[in-house]
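>>> Fold the stuff below for me.
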Amino acid sequence: MSVAVRAVRRKKSAGVPEPGDLLAWYDRHRRVLPWRARAGRKADPYAVWLSEIMLQQTTVKTVGPYYARFLARWPTVTELAAAPLDDVLRLWAGLGYYARARNLHACAKAVVERHGGVFPASLEALRALPGIGDYTAAAVASIAFDADAVPVDGNVERVVSRLFAVEEALPAAKPTIKRLATSLLPPARSGDFAQALMDLGATICTPKRPACALCPWTDACVARARGDQETFPRKAAKREGKPRYGAAFVVLRADGFLLLRQRPDKGLLGAMTEVPGTVWSHDFVVANALNEAPRVGKAPWRKLAGVVTHVFTHFPLALTVFTATVPRKARAPAGARWVRLADVAGEALPTVMRKVIAHALPEL
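Predicted coordinates for the structure are as follows:
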């Protein structure tokens with residue numbers, strides 16, 4: 001017997017989750033979010049898309065200020081498409097997962113070039129845009145155009161897996177959860193239903209200590225009836241990536257300029273700004289680090305105590321930091337540039353590089 005069939009049978013024994021109950025709850029308790037249209041108002045596809053890209057792997061609290069700054073700087077997708085990528089990366093700096101920023105810019109340009117600056121309404125056309133996968137396409141289509149689609153994020157996975165007690169572990173359970181979520185779609189108000197599911201997971205059906213007594217589907221939830229709701233969704237054991245190591249070189253010119261360079265366009269942290277450094281590897285040997293140091297005259301390198309640590313999605317990183325102060329007439333090596341310290345905050349520095357500079361500057 002398939003997982004989906006077992007889940008449906010359990011659902012019948014616990015009561016049927018009615019979409020209308022969830023929508024009624026949403027009408028009373030919907031969250032007020034900067035990108036969410038007011039009740040009865042039509043959602044702006046640009047606002048929905050921009051927020052959904054930012055919210056991937058990031059909390060609502062963190063996204064809020066970034067969203068406001070982006071919208072103030074580029075109020076329309078046409079204006080965002082016309083912006084230099086460097087400006088987009090600078091405003092994104094600190095939000096993490098920087099491929100999203102590059103895809104955001106590429107998608108804006110594609111909307112302008114292919115669709116005259118108007119987001120398409122169909123799932124197929126949305127999926128064809130850069131950086132838009134099944135989830136984002138479903139989110140924009142349902143919320144902005146009321147299409148019959150359910151965007152399944154982590155909150156929705158948690159709600160649905162508990163509602164039907166889906167025993168299969170993530171990520172293998174994703175197709176089953178998607179089918180079950182889609183089976184709940186009401187005949188109208190698809191966009192409100194999608195947002196209601198998200199809100200339910202974010203405020204009631206939380207990972208720990210869910211407020212089941214306040215849930216509009218409490219009588220229909222199989223996991224609640226069993227009393228093991230906190231064990232859902234089931235998750236396969238996560239494999240931790242092998243640690244990587246490297247060195248970062250923080251060079252300060254005597255007149256208050258910092259040496260920076262741009263990372264390659266492709267790959268991790270693509271096109272972001274960084275201080276010069278070594279390759280990050282599993283077998284890095286710190287004794288050999290200065291062989292890869294930037295050639296800035298006869299820089300008197302000094303190794304700082306401790307390391308700067310950062311955790312990426314697939315691996316943890318530890319960087320040894322070397323510092324040097326050079327004369328004001330020192331020339332930047334090829335591919336690097338001098339940036340006034342007062343202007344460093346405005347550079348497209350990823351979080352790991354901001355950590356490195358913060359670790360070094362008190363010592364310079």
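>>> So for stretch 162-172, first residue to last residue, what's the gap.
End-to-end span of stretch 162-172 (CA to CA, to the nearest Å): 16 Å.
>>> so how far is that stretch from its chain's centroid?
From the chain centre to the centre of stretch 162-172 is a distance of 23 Å (CA atoms, centre = their mean, to the nearest Å).
>>> Okay, buried residues for that stretch please.
Going by neighbour count (16 or more other CB atoms under 10 Å), the buried part of stretch 162-172 is 162-168, 170. Every C-beta, even on glycine, is put in place using the N, C-alpha and C of the backbone.
>>> What pLDDT does the model give the spatially closest residue to residue 214 that is not a sequence neighbour?
Spatial nearest neighbour of residue 214, excluding adjacent residues (CB to CB, 6 or more residues apart in numbering): residue 204 at 5.6 Å. What the model reports for residue 204 is a pLDDT of 97.
>>> how close does residue 204 sit to residue 96?
Applying CB to CB, to the nearest Å, the value for residue 204 to residue 96 is 27 Å.
>>> Kindly report the same for residue 111.
24 Å.
>>> how is this structure carved up into domains?
3-231, 244-363 (automatic domain parsing).
>>> quick one, helices of the stretch 201-350 of the chain?
Using DSSP state H, counting those that start in this stretch, the helices of the stretch 201-350 of the chain run over 222-226.
>>> What ranges does it have for its strands?
Secondary structure of the stretch 201-350 of the chain (DSSP state E, counting those that start in this stretch): strands located at 244-253, 257-262, 273-274, 302-303, 308-311, 316-326, 336-340.
>>> where's residue 216 relative to residue 19, distance?
Look at residue 216 and residue 19: by CB to CB, they are 10 Å apart.
>>> circling back: name the residue in residue 111 and residue 96 with the higher neighbour count.
Set residue 111 next to residue 96 and count neighbours by other CB atoms under 10 Å: residue 111 wins out with 25 against 18.
>>> Tabulate the domains of the chain in TSV, adding columns for distance to residue 237.
Converted to TSV, these look like this (distance: least, CB to CB, whole Å):
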stretch	distance to residue 237
domain 3-231	9
domain 244-363	15
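>>> winner for burial among these?
With neighbours defined as mean count of other CB atoms under 10 Å, these peak in mean count at domain 3-231, which reaches a mean of 18.
>>> immediately after the worst-scoring helix or strand of the chain on mean pLDDT, which helix or strand?
Lowest mean confidence among the helices and strands of the chain (mean pLDDT, DSSP states H and E): helix 3-14, at a mean of 43. Going down the chain from helix 3-14, the next helix or strand is helix 19-29, by DSSP states H and E.
>>> Can you pull out the residues in contact with the next helix-or-strand element following that following helix?
Per DSSP H and E, the first helix or strand lying C-terminal to helix 19-29 is helix 45-55. Identification of contacts with helix 45-55 by CB atoms under 8 Å, 6 or more residues apart in numbering yields 33-35, 37, 63, 66-67, 70-71, 76-77, 95, 100, 103-104, 107, 118-119, 131-132, 135-136, 139-140, 143-145, 151.
>>> which residues sit in contact with residue 146?
Contacts of residue 146 (CB under 8 Å, 6+ apart): 188-191.
>>> could you redo the last one with a cut-off of 6 Å?
Listed by CB atoms under 6 Å, 6 or more residues apart in numbering, the contact partners of residue 146 are 190-191.
>>> Dihedrals phi and psi, it?
Residue 146 adopts backbone torsions of phi 60, psi 30, taken as degrees, to the nearest 10.
>>> pLDDT score assigned to it?
Residue 146 carries a pLDDT value of 95.
>>> go on, residue 271?
Residue 271 carries a pLDDT value of 85.
>>> For it, which non-adjacent residue is spatially closest?
With CB to CB, 6+ apart as the criterion, residue 271 has its nearest non-adjacent residue at 4.9 Å, and that residue is residue 265.
>>> Could you list the low-confidence segments of the chain?
Low-confidence segments of the chain (pLDDT under 70): 1-14, 363-364.
>>> Mind giving me the packing neighbours of the helix ranked longest in it?
Longest among the helix segments of the chain by residue count, using DSSP state H, is helix 99-115. Secondary-structure packing of helix 99-115 (3 or more CB pairs under 6 Å, 6 or more residues apart in numbering; DSSP states H and E): helix 77-82, helix 85-92.
>>> can I get these in JSON lines with distance to residue 298?
What follows is these, written out as JSON lines (distance: least, CB to CB, whole Å):
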{"stretch": "helix 77-82", "distance to residue 298": "45"}
{"stretch": "helix 85-92", "distance to residue 298": "32"}
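>>> which stretch among those helices comes nearest residue 296?
The closest of these to residue 296 is helix 85-92. By CB to CB, the value is 23.6 Å.
>>> list the helices and strands that closest one packs on?
helix 99-115.
>>> try 8 Å this time
Counting contacts by 3 or more CB pairs under 8 Å, 6 or more residues apart in numbering; DSSP states H and E, helix 85-92 packs against helix 60-73, helix 99-115.
>>> quick one: contacts for residue 158?
Applying CB under 8 Å, 6+ apart to residue 158 gives the contacts 201, 205, 207, 232-233.
>>> May I ask which helix or strand encompasses it?
Counting by DSSP H and E, the element that carries residue 158 is helix 154-164.
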